[in-house]
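In: sequence? don't have it. structure:
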Ligand code: GLN
């Protein structure tokens, strides 16, 4: 029962093979049984889930259900959920019960999806290994000595272990795609502005974007139909009408041009990953696509530019956590300054503090021009490289990560090594483009991810390419078969 995709569950519910209450109970039971080891959930919402499931069953009995009514899902604990703890995996928000729902949550509820709970993540989404969570690290379901990736590691691990059929995630520099690659699932980071950020706790607002984390591209399309769309509450959300993301899944790839950035296939790339990616590319050739080498001359600037811009924005966004309005407050402050200082010193973890310090530094008078302004210029160069490339090709392909999932407690102590995990994913956020990660191989028992990057609002094209690959290979199934308990 627990290896069913969203599409399978929707069909099963429609054909009355099982009820929403039954399938929801099944997942809740599995979370109880397996999550003490994996630690993919911070909060489970069993009572609420069963009430939502009952409601969905009633609607279906009245012939009043929509496609995904009664289908369970897990949400990253970065989305505000009314009446339910929303912690962002920080001690700062350990006691925060949100008074309202994020737009993503609202949309999922309107579609009838049943929330199983809130998933673990890096604190305030800062990290690539889930080790910065206040609630402890998540274990990779493929190997419990390895990290699941981050920051949406709880969502990725829950889907890979069959504790939820799908989950939501957010991606500021790779946080959907990198954990999807490490756990052997499918993750889509949509175009900036395609999904509302309202009620999604802000890390770096010009980069943050929510997206689906699923077992395959078809399910990602189903969730995109639910999650995307203009939201008057988010001034950066796009007014461009959404589309039916499933409509194009079966289109032919004949004649598509796939660009391979020469900067992605260099010495830093693990040889097995390169082989898996090249094998995947030859599948695309068989499906009628042609491969073209392309140049992204400023690719090297992406990581340094990101680690100026993201901390700068985070230092501003996180100033709201001051011990007064939200979350943690220190005991017996002697005055206001003491209250601010101790509440923040106690509430934030080490990585979050590091980012706030860097961000404050690069924005300060005297350093702004040298760092922040330079980084913004680099960002423009990176975006222009991609726009130029898309004059030549339809999709850009390469690895999602330079290695497979690494061991727990390994890179944790060296922030720069950790930051280098994002070399293939970060430029996409700086440019605001959509990108998909799909499983494309297994190396030393750990899954390998292929990244497909599209032009603005080309989500359908990416999902089509992902689906066609998954119709012609079974890496996504092999990866899941290994990780599900
Ligand atoms: N790993 C990156 C970081 O630590 C990206 C995180 C994210 O996408 N939220 O900032």
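Out: Looks like it arrived, so ask away. As the structure is a computational prediction, the values presented were derived from the model and not from experiment.

In: please count neighbours and contacts with C-alpha atoms only from this point.
Out: Noted.

In: could you measure from the closest residue to the ligand within the stretch 1-150 of the chain over to residue 63?
Out: Nearest residue of the stretch 1-150 of the chain to the ligand (CA to the nearest ligand atom) works out as residue 127 at 3.5 Å. Distance from residue 127 to residue 63, counting by CA to CA, to the nearest Å: 45 Å.

In: same question, residue 259
Out: In terms of CA to CA, residue 259 sits 47 Å off from residue 63.

In: so the two - more neighbours on which side?
Out: Set residue 259 next to residue 63 and count neighbours by other CA atoms under 10 Å: residue 259 wins out with 23 against 10.

In: what lines up beside the helix or strand where that one lies in the sheet?
Out: Residue 259 is part of strand 257-261, with elements assigned from DSSP states H and E. Within its sheet, and counting by DSSP bridges, strand 257-261 is paired with strand 290-294 (parallel), strand 395-399 (parallel).

In: most tightly surrounded among those strands?
Out: Ranked by mean neighbour count, the strands paired with strand 257-261 are led by strand 395-399 with a mean of 25 (mean count of other CA atoms under 10 Å).

In: who's in contact with it?
Out: 256-261, 264-265, 273-274, 277, 424, 449-455, 462 (CA atoms under 8 Å, 6 or more residues apart in numbering).

In: coming back round to it: among the strands paired with strand 257-261, which comes closest to the ligand?
Out: strand 395-399 (15.8 Å).

In: run the chain-centre distance for the strand holding residue 259.
Out: When C-alpha coordinates are averaged (CA atoms, centre = their mean, to the nearest Å), strand 257-261 and its chain have centres 24 Å apart.

In: tell me what angle the next helix or strand after it forms with strand 257-261.
Out: Later in the chain than strand 257-261, the nearest helix or strand by DSSP H and E is helix 271-286. Counting by axes from the mean of the first three to the mean of the last three CA atoms, to 10 degrees, helix 271-286 points 160 degrees away from the direction of strand 257-261.

In: what packs against helix 271-286?
Out: Packed against helix 271-286 by the contact rule (3 or more CA pairs under 8 Å, 6 or more residues apart in numbering; DSSP states H and E) you find strand 290-294, strand 395-399, strand 435-443, strand 446-454, helix 459-472.

In: how about the longest one: buried residues?
Out: Burial within helix 459-472, assessed by neighbour count using 16 or more other CA atoms under 10 Å, is assigned to 459-470.

In: next secondary structure after it?
Out: Next element after helix 459-472 (DSSP H and E): helix 475-483.

In: ditto for the second one
Out: Downstream of strand 395-399, the next assigned helix or strand under DSSP H and E is helix 415-419.

In: chain center to that following helix: distance?
Out: The answer for helix 415-419 is 19 Å, by CA atoms, centre = their mean.

In: packing partners of the helix or strand just after that helix?
Out: Next in sequence after helix 415-419, counting helices and strands by DSSP H and E, comes helix 426-431. Other helices and strands packing on helix 426-431, by 3+ CA pairs under 8 Å, 6+ apart, are helix 302-317, helix 374-389.
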